[in-house]
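1. Build me a model:
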Amino acid sequence: METRISSKGQITLPVEVRKKLGIKTGDILRVSVDEEGAIIISAEKKNENKCNPLEVLSQTAGAWKDMEESGEEFVHRLRNEDAKRLKVLGIE
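-> Below is the predicted model of the structure:
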């Protein structure tokens, strides 16, 4: 396989390589050069900060159930407070 270096020094890893190593967007790669001048790229760590949307929903379900105002009232109040702050700052 071959790849080219862009004018910014960037390379694109071929899809076959990314699939074989399980490399995804945000993963960290370690780049080094051995004594013979060969470039070594290895997957150091997977991006473990990705959340499963269904997990997030189930963990936060009911978080607003004790709220005394409706969602619409809440948004309206926030917008009014922002408008007042902008007016005080002279940004209308």
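
2. Apart from its chain neighbours, what residue comes closest to residue 29?
-> residue 41 (5.6 Å; CB to CB, 6 or more residues apart in numbering). Placement of C-beta: from N, CA and C, glycine included.

3. From residue 70, how far off is residue 57?
-> When distance is defined by CB to CB, to the nearest Å, residue 57 is 20 Å away from residue 70.

4. List the neighbours of the helix or strand hosting residue 79 that are in contact with it.
-> For residue 79, the enclosing helix or strand under DSSP states H and E is helix 71-89. With contacts defined as CB atoms under 8 Å, 6 or more residues apart in numbering, helix 71-89 is touched by 64, 67, 69, 92.

5. would you turn those residues into a markdown table with neighbour count and pLDDT?
-> Putting these into a markdown table (neighbours: other CB atoms under 10 Å; pLDDT from 0 to 100) gives the following:
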| residue | neighbour count | pLDDT |
| --- | --- | --- |
| 64 | 9 | 80 |
| 67 | 10 | 85 |
| 69 | 10 | 90 |
| 92 | 6 | 73 |
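
6. May I ask which helix or strand of the chain has the lowest mean pLDDT?
-> Least confident helix or strand of the chain, by mean pLDDT, DSSP states H and E, is strand 39-45 with a mean of 79.

7. Tell me, domain by domain, which residues of this protein belong where.
-> 5-43, 53-89 (the TED database).
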